[in-house]
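starting from these lines, generate the structure:
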Amino acid sequence: MSALIEAAARLQAVLWRETEAAGTAALPMLQALMDEKREALSGLTLAGPPGNPAERAALRAMMAAAEENALVLGAVTDALDMVRERLRTDLADAANPGTYGPQGSPFPGPRRKPLRHTLAASLDSKA
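Here you go, the predicted model:
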């Protein structure tokens, strides 16, 4: 087996594992697989261009895995962005004195000093 076929197969295997990890939201594993993917890609680069039909077929299979990998990682990115925005909104609402302050408090009782909007801005920038 040529070096190119081996490198393409290695990268394809890493891409499949990364796709599976992304689909199950195994985020810590994604970091390790990203590093492994970088190494596999370096090996593919060093192998050079394809020289025969078997090498071209190995590259096509690897590219199909890369395409699916990109779609799944894009979906995970979109989902994480949505969670981040929802968290940012929820934190800003929680720190907004109009939402949970004395004038908007759902709890009866003595009036408390309202929170400042700077708290909401601070929470928003850290979210």
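
the helices in this protein, which residues?
3-23, 27-47, 53-95, 97-100, 117-126 (DSSP state H).

any chance of the ones you listed in CSV, plus mean neighbour count and mean pLDDT?
In this view, the C-beta of every residue, glycine as well, is placed from N, C-alpha and C. Formatted as CSV, the helices of the chain follow (neighbours: other C-beta atoms under 10 Å; pLDDT from 0 to 100):
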stretch, mean neighbour count, mean pLDDT
helix 3-23, 19, 88
helix 27-47, 14, 88
helix 53-95, 14, 89
helix 97-100, 16, 59
helix 117-126, 13, 53
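
tell me the phi and psi of Pro49?
With angles defined as degrees, to the nearest 10, Pro49 sits at phi -70, psi 160.

please report how far the closest residue in space to it that isn't next to it in sequence lies from Gly51.
Leaving aside its sequence neighbours, Pro49 sits nearest to Leu4 (C-beta to C-beta, 6 or more residues apart in numbering; 7.9 Å). Between Leu4 and Gly51 the distance is 7 Å, computed by C-beta to C-beta, to the nearest Å.

and what of Ala40?
Ala40 sits 20 Å away from Gly51, going by C-beta to C-beta.

how far away is Leu71 from Thr77?
In terms of C-beta to C-beta, Leu71 sits 11 Å off from Thr77.

and what of Ala3?
33 Å.

now do Ala94
In terms of C-beta to C-beta, Ala94 sits 26 Å off from Thr77.
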